[in-house]
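**Q** heads up, no residue letters with this:
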Ligand SMILES: Nc1ncnc2c1ncn2[C@@H]1O[C@H](COP(=O)(O)OP(=O)(O)OP(=O)(O)O)[C@@H](O)[C@H]1O
């Protein structure tokens, strides 16, 4: 017997947010429904202006929606009175791109700040802050000021501060967008640790697929206020449905620049349809396919590009093959590939956009 132990910690139901500006109405979020299960790392990706920040501010009602329902821990926050809402908000930590630290307070003082309102002795507060600074690896900098810290260190302080109230949920609003790639990786690893060790549910919003890929278990894609696609990380990477989702995936696997280079190099011609993309999920071996094409159909397959990565323990591979042979043999090879375990697609010359 299997038991379903997953709890829905966040449920947004048909949420809409409109802003009225002097000359028009901005539909920042339109009819968005999503569910995040407890313990998940849930990523929301979209370009600037897609409505991501507005949507996550709805989760703790910093932004009240014009329409829809907001459920956290099985409770409809829209019905909460101010005191209950303040308590509910303490259960949802937030971190931001620009850290939002108080420059006049030390690292210790910044992390201590949310605890000052609580009934806690100074000794208890000190113990708690020290524990949090240890968690984020900043114990030795407790007496430094934000101006003395690097961007990555500032974000670590912000994470410690966001965790001070022992929240069940942590929302990260473009928290790595101002950081260099290595620091981004370090901060994402820290967030993954926080998720694993403290069982905190994390919602990340970003415009970078690499950040999603590194730690998210589920992904939603947002475009012009709407959620246009959602699924597990593997679903999204393995079978993107919407053109925008595919664009995010292809930019992260480097497929887009590879195709552009191939087109520019003149390796492919408009009238020939012999460039194909293969996608492998799981353990399908790539080498035997190239060998089989030659042995079975005398079709030479030149590998022009290949990218293989591990996503949540599953191999996801993409390969671009340029097929060489008679038209008849290429057709037969194409039929064979379509019946094989791999996903196969013909790339049309006209579909490759070159800047
Ligand atoms: N307070 C506001 N008043 C008017 N328009 C707003 C307000 N806040 C956001 N918007 C508009 O709503 C839309 C969605 O903005 P939002 O900040 O949620 O997008 P985003 O995906 O988070 O983008 P970014 O990463 O650039 O912040 C944008 O067109 C933005 O200009």
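**A** Sure, I can see it. The shown structure was predicted, so the numbers you read here are calculated from the model rather than taken from an experiment.

**Q** C-alpha from now on. contacts and neighbour counts both.
**A** Will do.

**Q** Go ahead and name everything in contact with stretch 269-286.
**A** Around stretch 269-286, the neighbours that count as contacts under CA atoms under 8 Å, 6 or more residues apart in numbering are 238, 268, 314-324, 330, 341-350.

**Q** Could you turn the buried ones of those residues into a ChimeraX selection?
**A** In ChimeraX, this line selects whichever of those come out buried by 16 or more other CA atoms under 10 Å:
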select :238,268,316,317,318,319,320,321,322,323,324,330,342,343,344,347,348,349
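
**Q** what residue is smack in the middle of this protein?
**A** residue 212 (2.6 Å; CA atoms, centre = their mean).

**Q** so who does that one touch?
**A** Residue 212 touches 43, 45, 204, 206, 219, counting by CA under 8 Å, 6+ apart.

**Q** how about the first one, phi and psi?
**A** It stands for residue 43. Phi and psi for residue 43, reported as degrees, to the nearest 10, are phi -100, psi 140.

**Q** one step back: host element of the residue nearest to the centre of the chain?
**A** helix 209-215 (DSSP states H and E).

**Q** Report the mean confidence score over that helix.
**A** Helix 209-215 shows a mean pLDDT of 93.

**Q** Then stretch 294-311?
**A** 91.

**Q** Residue 233 reaches residue 215, doesn't it?
**A** No. In this structure, residue 233 is not within contact of residue 215 by CA atoms under 8 Å, at 9.4 Å.

**Q** Tell me which residue in the stretch 201-350 of the chain sits closest to the ligand.
**A** Using CA to the nearest ligand atom, the single residue of the stretch 201-350 of the chain nearest to the ligand is residue 225, 6.9 Å away.

**Q** Name the nearest residue to that residue, sequence neighbours excluded.
**A** Leaving aside its sequence neighbours, residue 225 sits nearest to residue 29 (CA to CA, 6 or more residues apart in numbering; 4.0 Å).

**Q** how about residue 208, what does it touch?
**A** Residue 208 neighbours (CA under 8 Å, 6+ apart): 45, 248.

**Q** make it 6 Å
**A** For residue 208, no contacting residues are found, by CA atoms under 6 Å, 6 or more residues apart in numbering.

**Q** Could you pull up the mean pLDDT of stretch 337-349?
**A** Mean predicted confidence for stretch 337-349 is 85.

**Q** Around the ligand, pick out the residues from the stretch 1-150 of the chain.
**A** Neighbours of the ligand within the stretch 1-150 of the chain, by CA under 6 Å from any ligand atom: 19, 21, 26, 28, 47-54.

**Q** about what we covered before: the contacts of residue 212 into CSV, with extra columns for secondary structure?
**A** Shown next, in CSV, are the contacts of residue 212 (DSSP: H, G, I helix; E, B strand; the rest coil):
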residue, secondary structure
43, strand
45, strand
204, strand
206, strand
219, strand
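
**Q** Out of those, which end up buried?
**A** The neighbour-count criterion (16+ other CA under 10 Å) marks 43, 45, 204, 206, 219 among the contacts of residue 212 as buried.

**Q** hmm, back to that, most neighbours among the residues of the stretch 1-150 of the chain next to the ligand, please name it.
**A** residue 52 (29 neighbours; other CA atoms under 10 Å).

**Q** OK, contacts around that residue?
**A** By CA under 6 Å, 6+ apart, the contact set of residue 52 is empty.

**Q** So for it, what's the pLDDT?
**A** Here the pLDDT value assigned to residue 52 is 96.

**Q** again, but for the one 4 residues further on
**A** At residue 56 the predicted local confidence, pLDDT, stands at 96.

**Q** what does residue 2 give?
**A** 46.

**Q** same thing with the one 5 residues further on?
**A** The predicted structure scores residue 7 at 93 on the pLDDT scale.

**Q** hmm, back to that, farthest pair in the buried ones among the contacts of residue 212?
**A** Distances among these were taken as CA to CA; the most separated pair is 206 and 219, at 10.7 Å.
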